[in-house]
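Chemist: Show me the folded form of this:
(one chain, ligands or ions: 1)
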Amino acid sequence: MADLSLKLCGLKLENPTILASGIMGTSRASMTYAIKNGAAAVTTKSISVEKRKGHPAPIIVTYAGGMLNSVGYSNPGIDNVADEFGDLQNAGAPVIGSLTGRDENDFAILAEKAAALDFEAIEIVLSCPHTPGYGTMAGLSTPEKTAAITQIVKQRCKKPLFVKLSPNVMGLVELAKAAEEAGADAITAVNTAGPGMIIDIKSRKPVLGGRIGGLSGDALRPIAVRCVYDIYEAVSIPIIGTGGIINGEHAAEMIMAGATALGIGSAVYYRGIDVFKKICLELEEFMESEGISSLAQMRGAAHEA
Ligand SMILES: Cc1cc2nc3c(=O)[nH]c(=O)nc-3n(C[C@H](O)[C@H](O)[C@H](O)COP(=O)(O)O)c2cc1C
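Modeler: The predicted structure follows:
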């Protein structure tokens, strides 16, 4: 049997699949459900300093190549998550707290408060393409901001720190290097692309309530694979490859690009909550058919020796 277990920055994972932020990570119950269905770790919905309502509905639209979402970071705010995200040690697998802020000050507050919460690791999001005031729309996708925010969070919270980057920037490798130099323990690559827009030609209006949305799913995969491939050549910290992984073959592709673990988001919509188990079974089958016994044997295999 192929061995799918791994260690990610000290976290023991039974397999490489991690529930990506924003998909079902809004409550302890929904995260536990994903764990029961095979996720080796789960990421919370991103948490901001203040309570946020998010964008008006509809917030998700699917199309043949993938989906657009304009959720807009709806969450109760960092001061109101302790109850819902309590007792996470007994959730069955590591829980990663996702933090999103507007600037260095926000991230300082979030890091201090998250240090006292039950998360085993922290992910900071510098990369949302469609929420004004956050991520790339707030100018956080520069090497300077990436380094500054990574350092601030690392100083205030001693948990393993993952930095989530955007596929939309030129010079992505510079961002990954800046994060690594500032103390990041891993890179999550990538967030959604775009933003994109779909127009309903009958009403003659954009479909999404927020008008624009981040693109995920199938259409994102080749971009995400390229991003992971480039980052793998530039940094030595692990990469959580995220973007368009729907089945075991996609998982293998992402690992060959250089990913240590795999973020799974849109695939939950396509294939159901047990997609984690399904992807692992398919990955195992692929590895066995190729005579590969461990993930390490496959990791980065697409790079020239
Ligand atoms: C409905 C939805 C909500 C999302 N919300 C967040 C979020 O709150 N924070 C975040 O960092 N990423 C968020 N994302 C991005 C995903 O975590 C992931 O990076 C992206 O969707 C690419 O992976 P996928 O193709 O497997 O979905 C969201 C994605 C979707 C589809």
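
Chemist: For I124, see how far away L117 is.
Modeler: To I124, L117 is 14 Å away according to Cβ to Cβ, to the nearest Å. Glycine gets a C-beta too; all of them are placed from N, C-alpha and C.

Chemist: For V61, grab the count of nearby residues.
Modeler: 18 (other Cβ atoms under 10 Å).

Chemist: Nearest to the ligand within the stretch 101-250 of the chain, name that residue for me.
Modeler: Closest to the ligand within the stretch 101-250 of the chain is S216: 3.2 Å, counting by Cβ to the nearest ligand atom.

Chemist: Off-centre distance for the one helix or strand Q297 maps to?
Modeler: Q297 is located in helix 295-298, with elements delineated by DSSP states H and E. Centroid separation for helix 295-298 versus its chain: 21 Å, with Cα atoms, centre = their mean, to the nearest Å.

Chemist: and it, C-alpha only, in PDB?
Modeler: Extracted in PDB, the C-alpha atoms of helix 295-298 (Å, rounded to 0.1, in the frame of the first residue of the first chain):
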ATOM      1  CA  LEU A 295       4.700  11.000  -1.500                       C
ATOM      2  CA  ALA A 296       8.300  12.100  -1.100                       C
ATOM      3  CA  GLN A 297       9.200   9.900  -4.100                       C
ATOM      4  CA  MET A 298       6.800  11.900  -6.200                       C
END
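
Chemist: buried sites along it?
Modeler: Neighbour counts over helix 295-298 (16 or more other Cβ atoms under 10 Å) mark L295, M298 as buried.

Chemist: quick one on the thing from earlier: neighbour count for L117 and I124, which is higher?
Modeler: I124 (30 against 19).

Chemist: quick one on the thing from earlier: quick one: contacts of the helix holding Q297?
Modeler: Residues from elsewhere that reach helix 295-298 (Cβ atoms under 8 Å, 6 or more residues apart in numbering): D3, L4, L6, P16, A252, I255, M256, T260, M287, I292.

Chemist: among the residues you listed, which are in strands?
Modeler: With DSSP state E as the criterion, strands contain L6 from among these.

Chemist: And the contacts of helix 295-298, which of them are buried?
Modeler: Of the contacts of helix 295-298, these count as buried by 16+ other Cβ under 10 Å: L4, L6, P16, A252, I255, M256, T260, M287, I292.

Chemist: Relative to Q155, which of those residues is nearest.
Modeler: The nearest member of the buried ones among the contacts of helix 295-298 to Q155, counting by Cβ to Cβ, is T260 at 24.9 Å.

Chemist: Could you check which residue of the stretch 1-150 of the chain lies nearest the ligand?
Modeler: G22 (1.8 Å).

Chemist: For the residue nearest to that residue when sequence neighbours are not counted, give me the backbone phi and psi.
Modeler: Using Cβ to Cβ, 6 or more residues apart in numbering and skipping residues adjacent in sequence, the residue nearest G22 is K45, 5.5 Å away. Here is the backbone geometry of K45 (degrees, to the nearest 10): phi -60, psi 150.
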